[in-house]
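Peer 1: could you look at this predicted model? Sequence included:
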Amino acid sequence: MPTVSATILVNKPAPEVFNFLANTANRPKFSPAIVSSSPPQMLSKGAKGTEVRKMGRRTITSNYEVVEFEAPRRFVMHFTAKGMDVTATTESKEAAGGTQVTVKVQLKSKGLMMWVMMPMVTPQVRKDINEALQNTKKLLGG
C-alpha cells in the first residue's frame, strides 16, 4: 500500500489554516486535481460527500467519509472509488512563523488493474499533494 506525504509551512495561525482546509468549498480552489466536492460543508466526524477528480485524462468520482476530526489539529478522510481506496490525513500544528501542514495519503488498490497502474498513480498523487499545499499557502497569503 503506497503512502505519499508532504509538508509545508503556512504563515497563518493553525485555526485559520485548518478551517480553510476543512471547508469542502475550498477544495477545488487549492487543488487543481479536484473538479468538485459536494456538498459544500465544513467537515466534521461522520460527514459524507462526493468528490470528482482529474487523474491524467480521466475523471474519477469517489465517495468520502470523515473518519476522524480533531479541530484545529487533524482530520482523516476515507475515499472509495472504482478500483481504489484512499485514506487522506491532514494535520496542522503551530510552528515558528505559522502553521505546519502535513498531508499523508495512503493508496490501496482494489483489483489487478489498479494494482498494475499503482506505479503510475503514485507519482501523480505526490504531485497533486505538493501542488495543493503550495496553492493553500498562496491563497492564504502565507
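Peer 2: That came through, no problem.
Peer 1: buried residues, stretch 81-97. List them.
Peer 2: Going by neighbour count (16 or more other Cβ atoms under 10 Å), the buried part of stretch 81-97 is 81, 84-92. All C-beta atoms are positioned from the backbone trio N, CA, C, and that covers glycine.
Peer 1: center of this protein, which residue is that?
Peer 2: Centroid-nearest residue in the chain: residue 88, 5.6 Å away (criterion: Cα atoms, centre = their mean).
Peer 1: hmm, back to that, so which of the buried residues of stretch 81-97 is the closest to residue 75?
Peer 2: Closest to residue 75 out of the buried residues of stretch 81-97 is residue 90 (5.5 Å), distances taken as Cβ to Cβ.
Peer 1: right, and the closest one touches residue 99 too?
Peer 2: No - using Cβ atoms under 8 Å as the test, residue 90 is too far from residue 99 to be in contact (11.5 Å).
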